[in-house]
Structures are given as structure tokens and as C-alpha cells.
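Peer 1: can't give you the sequence, but here's the structure:
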């Protein structure tokens, strides 16, 4: 079970595939234990995909305090840093799209290209 300590939580993540890096940020309720995941899609055949359970979801820690969009973006950046991913393509789905936007605003050097799917500006 791959986990890494980021800020004040342990984040569960998976990396699979070959090719250009793609950091996938799932939507509300995203849990890598539930199928289908990003790894079950054609996307995973063309990229080295990093996906994770966001704070409060799946196998990642669930701090007993309110979370801010800043917390989610800092977690995403911290995960990339912990894994040595200086930059990546980023795909955010639904709530994950809002996190991806916050990541891109705060840390544009981390985001090569961004795909926002079924999301809003929050």
C-alpha cells in the first residue's frame, strides 16, 4: 500500500502506466478501492498516471477539521514533491478540477498542461 506523509497527513497513491506523466485528481467520493478508476480507462494506456485519494477520502487520512481548497492544493503539490515529480500534465475531474485549478494558480511551474473535466471554478 503506497502511502507518503504530506504536510500533516498520510496520502494513499498509485502510479501505473508508461509515457508522459499525468497527475489525476479525482472528484468527490473518489476512492482508488472502487472501480472503475482512471487506471481502467484508455488514458492509462498512454500515460504514466499518478492518482491518489484526497484527504478525507479512501485510504488517505481524514483529519477531524474543516478542509479548505488551499489544503487540497497544498496536498497535491506536496504529493508531487514527495514523489519527485517536478512538473506534470494534470487532469481534474469534478471537484478534482477545482483542486487542479487551485494547484495551477498557486504553483504554475508544476502544471505542464491541464484538463478540466465536468468541473467549475468553485
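Peer 2: Looks like it arrived, so ask away. Please read all numbers here as calculations on a predicted model, not as lab measurements. Numbering: from 1, shown residues only.

Peer 1: I'd say residue 52 and residue 14 touch.
Peer 2: Yes. Using Cβ atoms under 8 Å as the test, residue 52 is close enough to residue 14 to be in contact (7.5 Å). Where C-beta positions appear, they are placed from N, C-alpha and C, glycine not excepted.

Peer 1: Give me the more crowded residue out of those two.
Peer 2: More crowded of residue 52 and residue 14, by other Cβ atoms under 10 Å: residue 52, with 29 against 17.

Peer 1: beta partners of that one?
Peer 2: residue 13 (DSSP bridges).

Peer 1: what is in contact with residue 52 and residue 14 at once?
Peer 2: Shared contacts of residue 52 and residue 14 (Cβ atoms under 8 Å, 6 or more residues apart in numbering): residue 32.

Peer 1: quick one, strands of this structure?
Peer 2: Using DSSP state E, the strands of the chain run over 3-6, 9-16, 20-25, 47-52, 88-93, 111-117.

Peer 1: From the contact counts, what lies against the shortest one?
Peer 2: Of the remaining helices and strands, those touching strand 3-6 by 3 or more Cβ pairs under 8 Å, 6 or more residues apart in numbering; DSSP states H and E are strand 9-16, helix 69-82.

Peer 1: Reformat those as CSV; add distance to residue 59 and mean pLDDT.
Peer 2: Converted to CSV, the helices and strands packed on strand 3-6 look like this (distance: least, Cβ to Cβ, whole Å; pLDDT from 0 to 100):
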stretch, distance to residue 59, mean pLDDT
strand 9-16, 4, 97
helix 69-82, 14, 97
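
Peer 1: returning to that earlier point: out of the strands of the chain, flag the one nearest residue 34.
Peer 2: Proximity to residue 34 (Cβ to Cβ) singles out strand 47-52 among the strands of the chain, at 12.0 Å.

Peer 1: Quick check: beta-bridge partners of the residue positioned nearest the centre of the chain?
Peer 2: The centroid of the chain falls nearest to residue 25 when counting by Cα atoms, centre = their mean (3.3 Å). Judged by DSSP bridges, the bridge partners of residue 25 are residue 92.
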